[in-house]
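Q: Predicted model follows, preceded by the sequence.
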Amino acid sequence: MLKNLLSSIIILSGIWILTSFHPEYKKPFNPTGTYEYNHGENGDGIVKVQKLSENRIKVSIFVVGGPPSHNMGEFMSEVKIKNGVAYYKSGDCGIKFVFNSKAVKVIQTDWN
């Protein structure tokens with residue numbers, strides 16, 4: 001009986017190891033969180049993200065620019081996300097969000 005129990009534990013451990021390290025097994029990506037940056041006098045901002053489904057997120061952003069203008073901007077929207085990348089577009093302004101496991105990079109993509 002002990003031999004059967006040990007054999008079962010070894011087999012189950014082997015399956016867990018194979019699924020944990022198999023290249024096709026990936027932990028589902030969840031970008032939900034609050035991302036902040038602070039550049040002192042040069043501005044700061046906050047991006048809040050909530051995962052709604054496998055391919056949609058709700059994102060809100062608030063930023064304050066540095067001198068001399070100290071411009072401010074904010075929005076909240078639901079956007080599609082694929083492979084950790086999401087796009088927001090409003091009029092002539094576009095923003096690209098690139099997520100990894102620890103941060104989000106926000107890139108202005110359009111401006112006319």
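A: Happy to help now that I have it. The structure displayed is predicted, hence computed values, not measured ones.
Q: Determine which residue lies closest to the centroid of this structure.
A: Nearest to the mean C-alpha position of the chain, by CA atoms, centre = their mean, lies Pro31 at 3.0 Å.
Q: show me the residues around that residue that make contact.
A: Pro31 sits next to Val49, Lys51, Ile57, Ile81, Gly84, Phe99, Val104 when contact means CB atoms under 8 Å, 6 or more residues apart in numbering. (Glycine included, C-beta is placed from N, CA and C.)
Q: Just the buried subset of those residues, please.
A: For these, a neighbour count by 16 or more other CB atoms under 10 Å gives the buried set as Val49, Lys51, Ile57, Ile81, Phe99, Val104.
Q: Strands of the protein, residue ranges please.
A: Using DSSP state E, the strands assigned to the chain run over residues 33-38, 43-53, 56-65, 72-82, 85-90, 93-99, 104-110.
Q: Can I get those in TSV including mean pLDDT?
A: Formatted as TSV, these follow (pLDDT from 0 to 100):
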stretch	mean pLDDT
strand 33-38	90
strand 43-53	93
strand 56-65	92
strand 72-82	92
strand 85-90	92
strand 93-99	90
strand 104-110	86
